[in-house]
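Novice: structure for this input, please:
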Amino acid sequence: MRVTRADVARRAGVSPALVSYVLNPGMRPVAPATRDRILQAINELGYRPNAVAQSLRGGTTRSIGVLVPDLANPYFAELTKALEDAAFLQNHLIYMGSTERDPEREARYLQSFADRGVDAFILSDMVTEVSREHLASLETPILFYGLLPAPGWMSVVVDPSPGIREAAQHLHELGHRRTAVVGGSEDDADADRRVRAWCEAVGELGMDEPVVLRRPYTREGGLSGGQELLALGAPPTAILAASDVQGLGVLAAASRRGLRVPEDLSVVSIDGTLLAAYAQPPLTSVDQPLDLMAREAVGLVLDVAAGSDDGGAPRSIDLPTSFTIRSSTAGDPLPPT
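Specialist: Sure, this is the predicted structure:
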């Protein structure tokens, strides 16, 4: 049976109103001895206040609903951890859901967050249009994060181009001309942007037009893409994997073919998670600023929730990628003659 405020009042020998005063500091002073007696009753009974009911009185549940498409992907796992840390510093906790890119699962999580009265939503830009229509009917502040702007919504957007241009320049200086890309799925707009940025970067440097394969952001996707590319009559000397997870798959494809990385093949990945840093060999990577993304997203959405934003059109914060050289890249083993 659920413990109520009245149960606490009976155990402490006080009125329910006094219990409310203790649970909501500032409403009215309570004598220290009475306060201690009420807190003891709360602990003995295991009473937990109803967060939504408190929000009706105080205007906030001090919670944020966070939705990611795939928590098994280290990028989303690390970003969620960064969001949790940023929210905690602002005295907020997060409710988290992983949609597995399932629209029905996504809708259920969003409704659950709304029922809990979250102060704000922070969502991946992969959220479906149906869910966006539902969200538009809510008064709760909503922010989208990812590689694509969300017109009409607050967003934190990461531009892959700066880091990708550095990666292309790095491979060019090492002597590579024949490159390839294992991109995300065909219907993935994020992947489109990464692939397009790479093609533009190598084109500007006068390198060969890259071979592009589209595969899911999984180890298996990287493995199958890498195997197909390395079986070509003129295989690439360097491969860009559009995610760190795919990068692991490309490393496995090289190993199965008896190729050494970086002596026989250079590999670059995008995201810059710990997975890249601890791969064998560690992956040279285009890095997304996860901690900064999280701080900017939480700060902006809570400013709006508190009414301290200056209003006007929904704000979009643009952040650049960076580039980290590790052990997975070296000079072209077959330099042009």
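Novice: from now on I want contacts and neighbour counts done on CA atoms only, so please keep to that.
Specialist: Will do.
Novice: now do the contacts for Ser124.
Specialist: For Ser124, the contacting residues are Leu67, Val68, Pro69, Phe144, Tyr145, Gly146, by CA atoms under 8 Å, 6 or more residues apart in numbering.
Novice: typo on my end, it should be Asp244
Specialist: For Asp244, the contacting residues are Ser269, Ile270, Asp271, Gly272, Thr273, Leu275, Ala276, Ser285, by CA under 8 Å, 6+ apart.
Novice: re the thing from before, list just the nearest of the contacts of Ser124 to Leu251.
Specialist: The closest of those to Leu251 turns out to be Pro69 (CA to CA; 24.6 Å).
Novice: so the closest one touches Arg101, yeah?
Specialist: Yes: the pair Pro69 / Arg101 is scored as a contact, 5.3 Å apart, by CA atoms under 8 Å.
Novice: which one's more surrounded, the two?
Specialist: Per other CA atoms under 10 Å, whichever of Pro69 and Arg101 has more neighbours is Pro69, with 19 against 14.
Novice: now intersect the contacts of Ser124 with the strands, please.
Specialist: If you go by DSSP state E, the contacts of Ser124 have Leu67, Val68, Phe144, Tyr145, Gly146 in strands.
Novice: want to throw those residues into a markdown table with neighbour count and distance to Asp244?
Specialist: Compiled in a markdown table, these are given as follows (neighbours: other CA atoms under 10 Å; distance: CA to CA, whole Å):
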| residue | neighbour count | distance to Asp244 |
| --- | --- | --- |
| Leu67 | 26 | 21 |
| Val68 | 24 | 17 |
| Phe144 | 26 | 22 |
| Tyr145 | 23 | 19 |
| Gly146 | 18 | 16 |
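Novice: I'd like those residues as TSV, with pLDDT and distance to Arg48 appended.
Specialist: Compiled in TSV, the ones in strands among the contacts of Ser124 are given as follows (pLDDT from 0 to 100; distance: CA to CA, whole Å):
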residue	pLDDT	distance to Arg48
Leu67	93	26
Val68	93	28
Phe144	91	32
Tyr145	89	33
Gly146	81	36
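Novice: circling back: taking the contacts of Asp244 one by one, which sit in strands?
Specialist: Judged by DSSP E, strands contain the following of the contacts of Asp244: Ser269, Ile270, Asp271, Ser285.
Novice: ok, which stretches of the protein are strands?
Specialist: Counting by DSSP E, one finds strands in the chain at the ranges 63-68, 93-98, 120-124, 142-146, 154-159, 179-183, 211-214, 238-241, 266-271, 284-287, 316-320, 322-324.
Novice: quick one: strands adjacent to the first one?
Specialist: So the one you mean is strand 63-68. Next to strand 63-68 in the sheet, as set by DSSP bridges, lie strand 93-98 (parallel), strand 120-124 (parallel).
Novice: can I get the last one in CSV? Just the C-alpha atoms.
Specialist: Read it as strand 120-124. These are the backbone C-alpha positions of strand 120-124, laid out as CSV (Å, rounded to 0.1, in the frame of the first residue of the first chain):
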residue,chain,number,x,y,z
ALA,A,120,12.0,20.1,-20.7
PHE,A,121,12.8,17.6,-23.5
ILE,A,122,16.2,17.1,-25.0
LEU,A,123,15.8,14.9,-28.1
SER,A,124,17.8,13.5,-31.0
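Novice: roughly how far out does it sit from the chain middle?
Specialist: Here the centre of strand 120-124 is set off from its chain's centre by 10 Å, with CA atoms, centre = their mean, to the nearest Å.
Novice: kindly report the same for the first one.
Specialist: A distance of 12 Å separates the C-alpha centroid of strand 93-98 from that of its chain, computed with CA atoms, centre = their mean.
Novice: avg pLDDT for that strand?
Specialist: For strand 93-98, mean pLDDT is 94.
Novice: mind listing residues that contact it?
Specialist: Residues from elsewhere that reach strand 93-98, judged by CA under 8 Å, 6+ apart: 62-71, 84, 87, 106, 109, 113.
Novice: and those residues, which is closest to Thr34?
Specialist: Among the contacts of strand 93-98, and counting by CA to CA, the member closest to Thr34 is Arg62, at 27.3 Å.
Novice: next, count neighbours for the closest one.
Specialist: 19.
Novice: quick one: pLDDT of it?
Specialist: The model's pLDDT for Arg62 equals 90.
Novice: how near is the spatially closest residue to it that is not a sequence neighbour to Thr80?
Specialist: With sequence-adjacent residues excluded and distances taken as CA to CA, 6 or more residues apart in numbering, Arg62 is closest to His92, at 4.6 Å. Noted for His92: a distance of 14 Å to Thr80, by CA to CA, to the nearest Å.
Novice: who's more crowded, those two?
Specialist: Just comparing His92 and Thr80: by other CA under 10 Å the higher neighbour count belongs to Thr80, 22 against 19.
Novice: what sits against that one?
Specialist: Going by CA under 8 Å, 6+ apart, Thr80 touches Val66, Val68.
Novice: tell me the residue furthest from the middle of this structure?
Specialist: The centre of the chain is farthest from one residue, Gly13, which by CA atoms, centre = their mean lies 48.8 Å away.
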